[in-house]
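> predicted model, plus sequence, below.
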Amino acid sequence: QVNLVESGGGLVQPGGSLRLSCVVSGFNDDYYVIGWFRQFPGKDTREGVICLSWSEGSTAYADRPRGRFTVSGDKAKKTVYLEMKNLKSEDTAQYFCASREGHVCKRDPARYDNWGQGTPVTVSS
């Protein structure tokens, strides 16, 4: 059974940084990708932010965080990180990681099979 656990969210001032972690368990190999998504307050939908494929590298989706958010991973620790810099109030959201089998990242959250519980990020002074 695949399990994803996010951590690292919190309150940060505008211009600050945070690193979110997603610990993955349940896969026996690296034939999966991890996508990061966010859900804004009061919204039902989740926006694809960025994705990591162990073989294909990273793919950024959302325009607003582009250049400020990066994704990386540690295979040995089965952990994927979302590094967020120069945070803005518009980045305030619940952040989720999700997994899907294969080597290809997808932007559509419906293409992902397993989700973590999410971690909140609040950017405010």
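Nice, thanks for sending it over.
> what comes up buried for the helix or strand of the chain with the lowest mean pLDDT?
Every helix and strand of the chain was ranked by mean pLDDT, DSSP states H and E. The lowest is strand 57-60, at a mean of 85. By 16 or more other Cβ atoms under 10 Å, the buried positions in strand 57-60 come out as 58-60. Placement of C-beta: from N, CA and C, glycine included.
> report all helices and strands that the following helix or strand past that strand contacts.
Downstream of strand 57-60, the first helix or strand assigned by DSSP states H and E is strand 69-74. In terms of contacts (3 or more Cβ pairs under 8 Å, 6 or more residues apart in numbering; DSSP states H and E), strand 69-74 is packed against strand 32-39, strand 47-53, strand 57-60, strand 79-84.
> which outside residues touch the last one?
Right, the one you point to is strand 79-84. The contact list for strand 79-84, computed with Cβ atoms under 8 Å, 6 or more residues apart in numbering, reads 17-24, 34, 36, 49-50, 52, 65, 68-74, 91, 95, 97, 121.
> ok, the longest one next?
Counting by Cβ under 8 Å, 6+ apart, the neighbours of strand 32-39 from elsewhere in the structure are 4, 20, 22, 24, 45-54, 56, 62, 69, 71, 73, 80, 82, 91, 93-106, 109, 112, 118, 121.
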